[in-house]
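# Prediction below, plus the sequence it came from.
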Amino acid sequence: MEHFLDQVINGLQLGFMYALIALGYTMVYGIIKLINFAHGDVFMVGAFIGYYGFAKWGMPLPLAVITAMAVCAILGVVIEKIAYRPLRYAPTISVLISALGVSLFLEYFCSLRFVFGPNYRVVQRPFEEVHWVLGGVTFNNIQVMVAVVVIIMLLLLQYMIYRTKIGMAMRTVSFDHDAARLMGVNVDSVISVTFAIGSALAAAGGVLFAIAYPQIQPFMGIMPGLKAFTAAVLGGIGIVPGAVLGALIMGQVETLTAAYLPTQLRDAIAFAILIIVLMVRPTGILGKNKPEKV
Amino acid sequence: MLTVNNIQVYYGAIQALHGISFEVNEGEIVTLIGANGAGKSTTLRTISGLIRAKSGLIEFMGQDITKTPAHKIVKMGLAHVPEGRKIFPNLTVHENLLMGAYTKSDRTEIAASLENVFQRFPRLKEREKQHAGTLSGGEQQMLAMGRGLMCKPSLLILDEPSMGLSPILVEEIFNIIQEINQLGTTVLLVEQNAFMSLQIAHRAYVLETGRILLSGTAADLQANPKVRSAYLGDVIE
């Protein structure tokens, strides 16, 4: 039983990190109906920038996280401007192919020696891991940090979407671009802001990931990216709370599978979920007639 | 106030507007009438910048807005209440109205506009906290118009405000349009309900397949036999 609870805590940690990535997928989908397949690679860039920040440039960890978020926010905006905006009125499949192109570009460009290089790097954590036992359940300071950071970001995001003018504009754009324009909303800048926020959240996830599972390389974004995408679909793509819910479920499924079933089944089960959701309930768990999309 | 000069609009290879020209003067209610597919909505969407004209000129308050992006045109004082209302169902009534004042930043001004809209449409006040998607058709039309008024436009463009409403509500909406106009807002009204719109309009233009067929004062057009048979349901003896 205690082992089970330990696994639940591990799953929570993983789920929280997936949530940060899944939000970017779901927000971008809500606004422009695009699955941004380069999103996992933005997560990877975030992990590297954060790692450089605290391990090489001597930044305090919070500053490293903020730097990674800022760099990735700009990266996200640039990706949208170069690879998606010119295709705004093109068939969906063209934009999807463009997204895959960006994804591969980022992976191989970052593998170049003068960028991040192709090798695995072991991340020296900026602090020692400390374990605590509470009521028989073991948890550590990394898990606490992940939970605190993610919950703060979720609250900020929620505040932004529901309590600020730009958030309200995002909700109108997710409903209808033309109707938003007629209110005086500059739809292009709302789309840019959405990419900036989604990418910044992925970057924060990347830094946390690098600290929790201390190994990074240029292809590290693929799997978490696909899992987070599955989480977004599971919760209901385009629905913000759905992304978090889906991510928490995915985190549990993955850690519990690894703990109690042959570990190799982990990814197979994760993607079986994707296939089943798409077949049985393509709108996802929270997808209803009137989804709250952003 | 608004001058549209010989605009040509295409959807891909298909020409939707074949050189439309008309004008709206300050203080007027001008109506564009015509059958489905005549190009009424296309004309409005071109004016407010949602579609680009291939050629021609649109001037609003003496400024060329032919190539101005839609969100900047709103800021100049032109509000467009689109066909099908396009209220935001996932936002509350209150938030929908705030979106109408998106281009404004003065809080006291916004509060005053809100008060005005609630006075004109008391029903919206009762529903303030509700999601707009839960409103009835008539309430949604009131919300769409109230939202349009939130930016205190000098020109209010209404696209088919009577669509899908019961005769009593249509009458109410048209009365409100007249009141809004009497308080100093110029109105450009597109309607399939030619009978009602000619009753409140000062001048009118009749569109057919992307061209202006007839124009004149509303009274003249109401008396015109062609208009009577084609748009007012008169039987030709």
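Happy to help now that I have it. Numbering: from 1, shown residues only, chains lettered A, B, ... in the order given.
# and the spatially most central residue of chain B, which of the three is it?
Chain B has residue B:158 as the residue nearest its centroid, 1.5 Å off, counting by CA atoms, centre = their mean. Counting by DSSP: H, G, I helix; E, B strand; the rest coil, the backbone at residue B:158 sits in strand.
# OK, contacts around it?
B:81, B:145, B:148, B:177, B:187, B:188, B:189, B:190 (CB atoms under 8 Å, 6 or more residues apart in numbering or on different chains). (C-beta placed from N, C-alpha, C; glycine too.)
# Residue B:198 versus that one, what's the distance?
As defined by CB to CB, to the nearest Å, residue B:158 lies at a distance of 15 Å from residue B:198.
# got it, and residue B:229?
14 Å.
# Neighbour count for those two, which is higher?
Neighbour count, other CB atoms under 10 Å in any protein chain shown: between residue B:229 and residue B:198, residue B:198 has more, with 23 against 12.
# which element is that one on?
helix B:194-200 (DSSP states H and E).
# That helix: which residues count as buried?
By 16 or more other CB atoms under 10 Å in any protein chain shown, the buried positions in helix B:194-200 come out as B:194, B:196, B:197, B:198, B:200.
# Distance from the longest helix seen in chain B to the middle of the chain?
In chain B, with assignment by DSSP state H, the single longest helix is helix B:167-182. Relative to its parent chain, helix B:167-182 has a centroid offset of 13 Å by CA atoms, centre = their mean, to the nearest Å.
# what's the answer for stretch B:166-176, then?
Stretch B:166-176 sits 15 Å away from the centroid of its parent chain (CA atoms, centre = their mean).
# which other residues reach it?
B:120, B:137-138, B:141-142, B:145, B:161-162, B:165, B:193, B:196-197, B:199-200.
# Any chance of these in a markdown table with distance to residue A:127 and pLDDT as columns?
Formatted as a markdown table, these follow (distance: CB to CB, whole Å; pLDDT from 0 to 100):
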| residue | distance to residue A:127 | pLDDT |
| --- | --- | --- |
| B:120 | 61 | 93 |
| B:137 | 60 | 91 |
| B:138 | 62 | 92 |
| B:141 | 60 | 95 |
| B:142 | 59 | 95 |
| B:145 | 59 | 96 |
| B:161 | 63 | 94 |
| B:162 | 67 | 92 |
| B:165 | 65 | 92 |
| B:193 | 71 | 88 |
| B:196 | 73 | 91 |
| B:197 | 72 | 93 |
| B:199 | 77 | 94 |
| B:200 | 73 | 95 |
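# If we go by neighbour counts, what in the helix or strand encompassing residue A:257 is buried?
Element membership for residue A:257 (DSSP H and E) is helix A:240-260. Within helix A:240-260, the residues that count as buried by 16+ other CB under 10 Å are A:240, A:242-259.
# mean confidence score for that helix?
The average pLDDT within helix A:240-260 is 94.
# gap between it and the chain center?
The answer for helix A:240-260 is 13 Å, by CA atoms, centre = their mean.
# so does it get close to chain B?
No. Helix A:240-260 lies out of reach of chain B by CB under 8 Å from any CB of the partner chain, never closer than 11.6 Å.
# export that helix as CSV, just CAs?
Taking Å, rounded to 0.1, in the frame of the first residue of the first chain, the C-alpha atoms of helix A:240-260 are listed here in CSV:
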residue,chain,number,x,y,z
VAL,A,240,-7.9,24.3,-20.5
PRO,A,241,-9.0,22.4,-17.4
GLY,A,242,-9.2,19.3,-19.6
ALA,A,243,-5.5,19.5,-20.3
VAL,A,244,-4.6,19.4,-16.6
LEU,A,245,-7.0,16.6,-15.9
GLY,A,246,-5.8,14.5,-18.8
ALA,A,247,-2.2,15.1,-17.8
LEU,A,248,-2.8,14.0,-14.2
ILE,A,249,-4.4,10.8,-15.5
MET,A,250,-1.6,10.2,-17.9
GLY,A,251,1.0,10.6,-15.2
GLN,A,252,-0.8,8.0,-13.0
VAL,A,253,-1.3,5.5,-15.8
GLU,A,254,2.3,5.7,-16.8
THR,A,255,3.9,5.4,-13.3
LEU,A,256,1.4,2.7,-12.2
THR,A,257,2.0,0.7,-15.4
ALA,A,258,5.7,0.9,-14.9
ALA,A,259,5.4,-0.2,-11.3
TYR,A,260,3.0,-3.1,-11.6
